[in-house]
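Colleague: Okay, structure incoming, though there's no sequence with it:
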């Protein structure tokens, strides 16, 4: 039957050939396509026409001679479909696994012919360009608007035809494991009609009627998708739709984050422009989806997704995850501090002040949790940070940190604050090209190195060294400001 015959026509080669060849044939080779046979009817015994002559030439040139001499032989092809032509077609059909090999050159044979044409023209491309691998992006070789427009339409048609081949192949494979024989027979009948339409689309492409090829390929995609989904498979259409939904959800999330950051006067960088770019790409992706150019839709959607991820990084705003993490961290610190205070109490230490501070910290955590309920992430962060400061003070109140540690910490914090203020002043001076800003910058860099050393000393619990290094950094910061 037709289904089993067509399934032998090397779908894998079709997918590869269409995806590579249609995109890669340069214009000087593309011109040869119009010189190949264009079949618009079934050829069989008794038919007369130039399409018969073209078929005889093809058979003679590919090793299936119609005759060794006389009418039908190479150079003496005729327009008549007679016994010799039929016998040559049978030999060719047998070699190409076209069943039944009846000598009738119909749609199945014509599809196999197009495969042979692809193989032949790919060899021509390799010979004339020296290329072993097709170039994936078509490049017009003739300047001018009309050539460029034609090339663009050819590219669009090639994409749709290639996707149509792939979808028919996927539907055919999905039906191999289909159990319901009655429904399977109906689906095979539907897919048979789709294959006829697929042949028509490919024929239109080789006739350089790219608009018609696109319309036919879109219809093939739609019908083959229906068959595949009825057979229980997931189509490119549904996969692409899922991707579009995910990226559109991401767009909404980033847009909400952007709006929230603007409301809080947070830095949003170039996020607004990025959102505009992502929206344009999503619009293009949806247009391609509507036109059933799923490959292009996926490409545009993935580009939009990448831009949205970058936009999210641009926005300096407190996210929901940040807020929840900060509150949980404050709770963990509270539990640790309560354990430490309890142990100190058991050891007979005075913990009254520490317990008061812990009570204050608990209240701040409750306020943070209330802010989470209100989805006010910024406020939740602030309350959680205040709770952590109170917890640190509580631990200090029971001797959890001695006075030297606290002094060192305060010295480092003060020095960093002075550093940030000075950094802004020097930036302003640089922008105004004020005298001395370069020397000031060098001194400030030295101060920064000292502050980093102070941080390291603090981590090593060298409180005195940390405090001394922070104070030296402050002296350098003062000198830097004097240079302005």
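Modeller: Sure thing, it's come through. Owing to the predicted nature of the structure, the values given are computational and were not obtained by experimental measurement. Residues are numbered from 1 along each chain as shown.

Colleague: and the end-to-end length of stretch 58-77?
Modeller: 10 Å (C-alpha to C-alpha, to the nearest Å).

Colleague: Residues in contact with it: which ones?
Modeller: 37, 53, 56-57, 78, 82, 84-85, 88-89, 91-92, 95, 113, 116 (C-beta atoms under 8 Å, 6 or more residues apart in numbering). All C-beta spots, glycine's among them, are computed from the backbone N, C-alpha and C.

Colleague: cutoff 10 Å now
Modeller: By C-beta atoms under 10 Å, 6 or more residues apart in numbering, the residues outside stretch 58-77 that reach it are 36-37, 50, 52-57, 78, 80, 82-96, 105, 113, 116-117, 119-120.

Colleague: ok, now which ones touch the most centrally placed residue in the chain?
Modeller: In the chain, the residue lying closest to the centroid (C-alpha atoms, centre = their mean) is residue 302, at 2.5 Å. With contact taken as C-beta under 10 Å, 6+ apart, residue 302 is in contact with 243, 247, 281, 285.

Colleague: May I see these arranged in a markdown table, with secondary structure, pLDDT and distance to residue 44 as well?
Modeller: Formatted as a markdown table, the contacts of residue 302 follow (DSSP: H, G, I helix; E, B strand; the rest coil; pLDDT from 0 to 100; distance: C-beta to C-beta, whole Å):
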| residue | secondary structure | pLDDT | distance to residue 44 |
| --- | --- | --- | --- |
| 243 | helix | 89 | 47 |
| 247 | helix | 91 | 52 |
| 281 | helix | 92 | 52 |
| 285 | helix | 89 | 47 |
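
Colleague: any idea which of these is closest to residue 330?
Modeller: residue 247 (35.0 Å; C-beta to C-beta).

Colleague: Name the helix or strand for residue 166, please.
Modeller: Element membership of residue 166, judged by DSSP states H and E, is helix 145-176.

Colleague: For this protein, list the residue farthest from the centre, please.
Modeller: Farthest-out residue of the chain from its mean C-alpha position, per C-alpha atoms, centre = their mean: residue 348, at 63.6 Å.

Colleague: Verify the assumption that it is located in a helix.
Modeller: No - counting by DSSP: H, G, I helix; E, B strand; the rest coil, residue 348 falls outside a helix, being coil.

Colleague: any weak-confidence spans in the stretch 101-250 of the chain?
Modeller: Applying pLDDT under 70 to the stretch 101-250 of the chain picks out residues 115-148, 235-236.

Colleague: rerun that using 90 as the cut-off
Modeller: The stretch 101-250 of the chain contains residues with pLDDT under 90 at 101, 106-211, 213-214, 216-218, 220-243.

Colleague: Show me how to select, in PyMOL, the buried members of the contacts of stretch 58-77.
Modeller: Restricted to buried positions by 16 or more other C-beta atoms under 10 Å, the PyMOL selection for the contacts of stretch 58-77 reads:
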select buried, resi 36+37+52+53+54+55+56+57+78+80+82+84+85+86+88+89+90+92+93+96+105+113+117
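
Colleague: re the thing from before, would you mark the buried spots in the helix holding residue 166?
Modeller: For helix 145-176, the neighbour count (16+ other C-beta under 10 Å) marks 150-151, 154-172, 174-175 as buried.

Colleague: Check which helices and strands that helix sits against.
Modeller: Counting contacts by 3 or more C-beta pairs under 10 Å, 6 or more residues apart in numbering; DSSP states H and E, helix 145-176 is packed against helix 2-6, helix 11-24, helix 27-30, helix 181-206, helix 210-230, helix 236-263, helix 294-314.

Colleague: For burial, what's the neighbour tally of residue 177?
Modeller: 10 (other C-beta atoms under 10 Å).

Colleague: Give me the phi and psi for it.
Modeller: phi -100, psi 10 (degrees, to the nearest 10).

Colleague: ok, now which ones touch it?
Modeller: Residue 177 makes contacts with 184, 231, 232, 233, as judged by C-beta under 10 Å, 6+ apart.

Colleague: Tell me the most packed of the residues you listed, by neighbour count.
Modeller: Highest neighbour count within the contacts of residue 177: residue 231, with 23 neighbours (other C-beta under 10 Å).

Colleague: Pull up the gap between the residue lying closest to that one once chain neighbours are set aside and residue 422, please.
Modeller: Counting by C-beta to C-beta, 6 or more residues apart in numbering, residue 174 is the residue found nearest to residue 231 once chain neighbours are left out, at 4.3 Å. Relative to residue 422, residue 174 is positioned 69 Å away (C-beta to C-beta, to the nearest Å).

Colleague: ok, now residue 154?
Modeller: As judged by C-beta to C-beta, residue 154 and residue 422 stand 63 Å apart.

Colleague: Kindly report the same for residue 385.
Modeller: Look at residue 385 and residue 422: by C-beta to C-beta, they are 25 Å apart.

Colleague: neighbour-wise, which of those two wins?
Modeller: For residue 385 versus residue 422, the count of surrounding residues by other C-beta under 10 Å is larger for residue 422: 22 against 15.

Colleague: can you pull the contacts of the more buried one?
Modeller: By C-beta under 10 Å, 6+ apart, the contact list for residue 422 reads 440, 441, 443, 444, 447, 474, 476, 477, 478, 480, 481, 484.

Colleague: isn't the first one right next to residue 434, touching?
Modeller: Yes - between residue 440 and residue 434 there is a contact under C-beta atoms under 10 Å: 9.1 Å.

Colleague: which non-adjacent residue is nearest residue 471?
Modeller: residue 411 (6.2 Å).

Colleague: and if you look at residue 423?
Modeller: Sequence neighbours aside, residue 444 is the residue nearest to residue 423 in space, at 6.4 Å (criterion: C-beta to C-beta, 6+ apart).

Colleague: Now for that neighbour, how many residues are close by?
Modeller: Using other C-beta under 10 Å, residue 444 is surrounded by 23 other residues.

Colleague: show me the contacts for it.
Modeller: Contacts for residue 444 (C-beta under 10 Å, 6+ apart) come out as 419, 422-423, 425-426, 437, 473, 476-477, 479-481, 483.
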